[in-house]
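J.: Fold the following, please.
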Amino acid sequence: MQTLILSTILLSACGDTPEIKQEPSPTRTPSSYSVGIPPYIPDSVVDTLGSIQIIEISDSLDGPNFQIDVSAEDPIIEWVYVLAAPFSYIDEGVIGADLQAFWQGNAEMSFPAEVLFVDGSTKAVIEKIWGSAATSKVKVISSNALLGRVWESENAFAIIPFEQLEPAWKVLTIDGFSPIHKDFNPSDYLLNIPFSFLGDQAELERLLSHVMEDENAGEYPLSNRHSDRLTTVVMTGVTALVRGTAYVMDSSGNTYPAIDIGDILRDADILHISNEISFVENCPNPFSNKANDANLVFCSKPEYIQLLEAIGTDVVELSGDHFGDWGPEAMISTLEMYEERNWQYYGGGRDYTDGIQPAVFNHHGNKIAFFGCNAKPKGYATASDSSPGAVHCDMELMAEQVKNVIAQGYQPIFTFQHIEYYAYNASPALQVDFYSAADAGAVIVSGSQAHQPHAIEFYKSSLLHYGLGNLFFDQYRESFAQRQAFIDRHVFHDGEHISTELIPIIFIDLARPRVMTEEERIFLLNEVFTASGW
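T.: Sure thing, here's the model as predicted:
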């Protein structure tokens with residue numbers, strides 16, 4: 001010990017005292033950053049920021065570290081707004097430059113609306129990028145009154161934040177772009193509004209690094225629309241690969257009926273097909289001496305399932321009248337064919353217990369359950385404790401099942417094989433059961449029995465479509481209305497049904513539908529919306 005002390009003294013005397021290096025003090029990471037919020041910032045933006053642990057929301061704009069405001073400079077938030085019309089509006093969209101000109105009071109007569117409704121927050125936000133709104137054209141009302149006011153008004157639109165969407169709105173495209181489409185790119189969209197933090201740049205870089213690491217932040221920039229939380233469910237009408245449809249498939253190929261609409265069906269995250277017919281090994285050729293159409297005894301050749309494969313089927317409804325036409329063995333073998341392809345089924349099954357079970361999906365966090373039944377006289381539904389087939393509707397029992405899946409976080413879709421009729425209106429005979437399913441909590445109630453399109457209704461918080469028409473069935477020569485049909489594309493986001501798109505189709509022969517022309521589409525929508533009381 002004395003030697004060590006002496007050595008230190010000698011080194012000091014010689015001027016060779018070793019330098020003691022000081023480690024730099026670590027940069028202090030604050031426990032939180034205070035962010036000032038101007039009063040016009042949407043509540044949903046404030047909620048999103050508030051969910052990030054390191055951010056502390058402040059009503060003051062003087063003391064906080066940062067302020068949030070509309071700005072395209074290093075945006076931390078991109079908030080999607082929607083141009084919306086009543087669901088009954090016919091046209092599909094607008095030109096972005098016309099919308100902006102209308103806002104500024106410079107619109108030509110070609111702009112389709114006479115007034116644009118917004119809430120106070122939306123008006124203030126958009127004025128930051130487009131300037132002051134024309135007071136004669138842009139009207140401010142509370143957000144919870146927007147939907148009713150636009151429906152009551154003649155020729156009115158609204159601009160709303162994406163998170164306020166509900167199915168009674170029709171989302172209008174802007175320059176062809178729509179935020180409810182799967183291929184939506186926010187950078188192409190006129191109403192994708194950027195918000196940035198304003199404050200010291202060095203501190204801002206540190207804050208942004210913490211925001212991107214926060215598990216509550218999600219995608220970056222932060223947004224109210226998340227592609228990984230969006231699910232499209234495509235519902236279709238009658239499929240019966242028999243008679244003329246089967247004849248055309250035999251001559252033109254098994255996938256011929258989907259030539260024009262296949263891409264629409266394949267694009268669905270969940271594709272629903274209501275196939276009324278069993279696949280049978282010894283199914284005779286259509287229109288043969290053993291014709292299966294004269295007495296309404298239908299079957300499909302097993303190879304016809306190639307059509308359902310080609311369009312991307314995910315779930316098959318079995319509530320149809322003719323599932324049991326060729327007996328238990330044919331039904332069981334058909335179910336096995338579906339199971340081999342990992343397709344779910346519902347509305348029928350190996351027995352009654354199997355048939356009343358829902359088909360359930362969890363896609364992008366959207367939990368969706370399909371229920372269905374046959375509401376005609378009991379002879380059409382053969383499922384029992386010991387027999388396969390379609391299930392007959394017991395609405396009291398099925399209402400309880402719907403409520404059970406809602407308690408588990410599912411959004412129920414209920415479909416009926418119901419009484420067939422040939423008019424666009426909603427039949428009172430159907431409305432009783434449709435209302436019952438909606439009262440139980442089904443967010444969508446759809447008629448799978450219809451051979452022509454029927455009316456649509458918003459009942460409480462549910463969308464009811466009383467009939468879509470045929471998807472693949474040979475009624476081309478029966479009437480013009482039986483050539484018409486809908487494909488319904490339902491959009492779910494963050495666990496909620498937010499929008500529905502109607503895709504009108506028309507048959508060009510006994511087997512093949514195509515998307516309608518603009519003139520055909522307008523004619524059908526006018527017929528259906530008038531029948532709907534709109």
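J.: Sketch out the low-pLDDT regions of the protein for me.
T.: Within the chain, the stretches with pLDDT under 70 are 1-30, 107-109, 214-220, 288-296.
J.: per-domain residue ranges of it.
T.: Split into domains by automatic domain parsing, the chain comes to 31-224, 231-531.
J.: Please identify the most buried of the ones you listed.
T.: Mean neighbours per residue, mean count of other CB atoms under 10 Å, is largest over those for domain 231-531, with a mean of 20. C-beta: built from backbone N, CA, C; applies to glycine.
J.: measure that domain end to end?
T.: End-to-end distance for domain 231-531: 30 Å, by CA to CA, to the nearest Å.
J.: so Asn285 makes contact with Asp250?
T.: Yes. Under the criterion of CB atoms under 8 Å, Asn285 makes contact with Asp250 at 7.0 Å.
J.: Paired strands for the longest strand seen in the chain, with orientation please.
T.: Secondary structure of the chain per DSSP state E: the longest strand is strand 496-507. When sheet partners are counted by DSSP bridges, strand 496-507 sits next to strand 484-493 (antiparallel), strand 513-515 (antiparallel).
J.: quick one: that strand to chain centroid distance?
T.: 9 Å (CA atoms, centre = their mean, to the nearest Å).
J.: contacting residues around the helix or strand harbouring Leu464?
T.: Assessed by DSSP states H and E, Leu464 sits inside strand 462-465. Strand 462-465 is contacted from outside by 167, 235, 426, 434-435, 437-438, 442-447, 454, 456-458, 486, 488, 490, 497, 500, using CB atoms under 8 Å, 6 or more residues apart in numbering.
J.: got it, and stretch 370-380?
T.: Contacting residues not belonging to stretch 370-380 are listed as 272, 315, 317-321, 344, 346-348, 356, 358-360, 381, 390-394, 398, 401-402, 412-419, 433, 437, 442, 448 [CB under 8 Å, 6+ apart].
J.: picking up where we left off before, turn the strands paired with strand 496-507 into TSV, including distance to Gly36.
T.: Putting those into TSV (distance: least, CB to CB, whole Å) gives the following:
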stretch	distance to Gly36
strand 484-493	30
strand 513-515	50
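J.: And the ones you listed: which comes nearest Asn366?
T.: Proximity to Asn366 (CB to CB) singles out strand 484-493 among the strands paired with strand 496-507, at 4.2 Å.
J.: CA atoms only: put stretch 507-521 into CSV for me.
T.: Output of stretch 507-521 as CSV, limited to C-alpha atoms (Å, rounded to 0.1, in the frame of the first residue of the first chain):
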residue,chain,number,x,y,z
PHE,A,507,-76.8,-12.2,-67.6
ILE,A,508,-75.8,-12.4,-71.2
ASP,A,509,-76.8,-16.1,-71.6
LEU,A,510,-78.0,-19.0,-69.5
ALA,A,511,-74.8,-19.2,-67.5
ARG,A,512,-72.7,-16.0,-67.7
PRO,A,513,-73.3,-12.7,-65.9
ARG,A,514,-71.3,-9.6,-66.4
VAL,A,515,-71.0,-6.2,-64.7
MET,A,516,-73.7,-3.9,-65.9
THR,A,517,-73.1,-0.9,-68.1
GLU,A,518,-73.6,2.5,-66.6
GLU,A,519,-77.1,2.8,-68.3
GLU,A,520,-78.1,-0.7,-67.0
ARG,A,521,-76.8,0.1,-63.5
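J.: Many thanks, I have nothing further to ask.
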